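J.: Just need the structure, nothing else, for what follows:
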Amino acid sequence: MKARLTCLVVFVTLALCAASASADPSPDRMPTLSQMSSLAQRIDAESTGTLATPIKILLLLTLLSIVPAMLMLTTAFTRIVIVLAFIRRALTTRNIPPNQVVVGLALFLSLFVMAPTMQEINARGIQPYLRGSIGAEEAIEEGVQPLREFMFGQTRESDLAFFLDMGGIEEPETKADIPTYVLIPAFVIGELTRAFELGFVLFLPFLMVDLVVASVLLSMGMIMLPPVMISAPLKILLFVLVDGWRLVAESLVFSFGGV
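T.: Numbering: from 1, shown residues only. All right, here's what the predicted structure looks like:
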């Protein structure tokens with residue numbers, strides 16, 4: 001029962017994200033309030049559980065608190081937000097830009113990267129279910145496939161093999177035989193690794209500026225002057241002159257294979 005409620009909550013949330021990411025103004029693009037109300041009624045009608053309605057509401061509210069974490073860890077958000085944090089650290093600007101700006105930029109870059117996947121989820125699962133052509137279980141199965149395909153495209157085989165071995169699961173013949181609960185941690189581990197690789201590459205130019213400034217100050221005998229006081233403005237100026245934010249955004253988007 002809990003697994004089914006989790007799938008339904010994730011499915012509805014992905015539907016809303018897909019609708020907001022789509023640029024097609026047709027009526028099938030975004031579920032209306034009446035459609036969402038009908039969706040909730042159908043979910044309740046198709047539910048086979050015997051729990052009381054207040055308990056169901058409590059379970060749904062509990063699961064909703066988990067959905068943001070699931071969405072962050074199954075999309076491009078993890079890699080993007082870590083790389084942006086590396087850039088801010090390399091610039092030595094402390095809390096500039098603020099955390100809200102960094103997370104907001106990471107969120108919308110993630111929506112940009114995930115837009116094709118979300119549109120496919122909407123087309124394959126959400127809209128057919130709202131039209132009543134398929135049931136809830138089939139809609140969930142069809143809607144999750146594009147997300148699985150995205151994660152497979154970014155997951156290393158070594159990470160999949162590692163988690164399959166830890167779970168004591170026999171080597172699957174096809175990707176469809178790999179459980180989602182194995183795919184997600186393998187995907188997250190790969191995202192963390194790539195994020196740190198990108199962060200290291202982007203950190204090197206700023207590190208070179210720090211080393212040059214420190215060497216110059218040392219040769220001038222200005223030992224008491226903190227090098228960061230000189231290097232920080234130089235790094236900001238260099239970053240602005242090369243249009244750094246655009247280059248970082250471009251690198252992040254193309255690290256997923258483009259859109």
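
J.: T117 is in contact with F150, isn't it?
T.: Yes. Applying Cβ atoms under 8 Å, one finds T117 in contact with F150, separated by 4.8 Å. The C-beta positions use only the backbone N, C-alpha and C, and glycine is treated the same way.

J.: list residues touching both of those two?
T.: Here T117 and F150 have no joint contacts, going by Cβ atoms under 8 Å, 6 or more residues apart in numbering.

J.: could you pull out the helices for the stretch 151-259 of the chain?
T.: 157-166, 180-219, 227-241, 244-255 (DSSP state H, counting those that start in this stretch).

J.: nearest to L59, of those helices?
T.: For these, proximity to L59 was assessed by Cβ to Cβ; helix 180-219 is nearest, at 19.4 Å.

J.: what mean pLDDT would you report for that closest one?
T.: Throughout helix 180-219, pLDDT has a mean value of 87.

J.: Could you tell me how far that helix lies from the centre of the chain?
T.: 19 Å (Cα atoms, centre = their mean, to the nearest Å).

J.: Just the buried positions in it, please.
T.: Within helix 180-219, the residues scored as buried using 16 or more other Cβ atoms under 10 Å are 182-191, 194-195, 198-199, 202, 206, 209-210, 213, 217.

J.: again, but for stretch 250-259
T.: So for stretch 250-259, counting by 16+ other Cβ under 10 Å, buried means 252-253, 255-256.

J.: Tell me the one of those residues nearest I134?
T.: Of all the buried residues of stretch 250-259, F256 has the smallest distance to I134: 29.4 Å, by Cβ to Cβ.

J.: phi, psi of the closest one?
T.: Backbone torsions for F256, taken as degrees, to the nearest 10, come to phi -90, psi 10.

J.: what sits against it?
T.: F256 is in contact with 76, 79, 113, 154, counting by Cβ under 8 Å, 6+ apart.

J.: who touches the last one in this structure?
T.: Contact criterion Cβ under 8 Å, 6+ apart gives 187, 190-191, 194, 256 as the residues in contact with Q154.

J.: now F77
T.: 71, 106-107, 110.

J.: Helices - which of the residues you listed land there?
T.: Judged by DSSP state H, these include 71, 106-107, 110 as members of helices.

J.: Farthest-apart pair in the residues you listed, please.
T.: Applying Cβ to Cβ across the ones in helices among the contacts of F77, the maximum distance is between L71 and A106, 12.4 Å.

J.: Who has more neighbours out of the two?
T.: A direct count of neighbours by other Cβ atoms under 10 Å for L71 and A106 places A106 higher, at 22 against 18.

J.: Near the closest residue to that one other than its chain neighbours, how many other residues are there?
T.: Counting by Cβ to Cβ, 6 or more residues apart in numbering, A106 lies nearest to V81, which is 3.8 Å off, once chain neighbours are set aside. Residues lying near V81 (other Cβ under 10 Å) number 20.

J.: how far away is V81 from G104?
T.: Counting by Cβ to Cβ, to the nearest Å, the separation of V81 from G104 is 10 Å.

J.: Including pLDDT and distance to I55, could the ones in helices among the contacts of F77 go into JSON lines?
T.: Shown next, in JSON lines, are those (pLDDT from 0 to 100; distance: Cβ to Cβ, whole Å):
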{"residue": "L71", "pLDDT": "80", "distance to I55": "25"}
{"residue": "A106", "pLDDT": "91", "distance to I55": "36"}
{"residue": "L107", "pLDDT": "90", "distance to I55": "33"}
{"residue": "S110", "pLDDT": "91", "distance to I55": "34"}
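
J.: what's the closest of those to M229?
T.: A106 (29.6 Å).

J.: so what's V81 up against?
T.: 102-103, 106.

J.: Can you lay out the contacts of F256 as CSV showing distance to E171?
T.: Putting the contacts of F256 into CSV (distance: Cβ to Cβ, whole Å) gives the following:
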residue, distance to E171
A76, 28
R79, 27
V113, 31
Q154, 21
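
J.: Let's see which of those residues end up in helices.
T.: Per DSSP H, those map to helices at 79, 113, 154.
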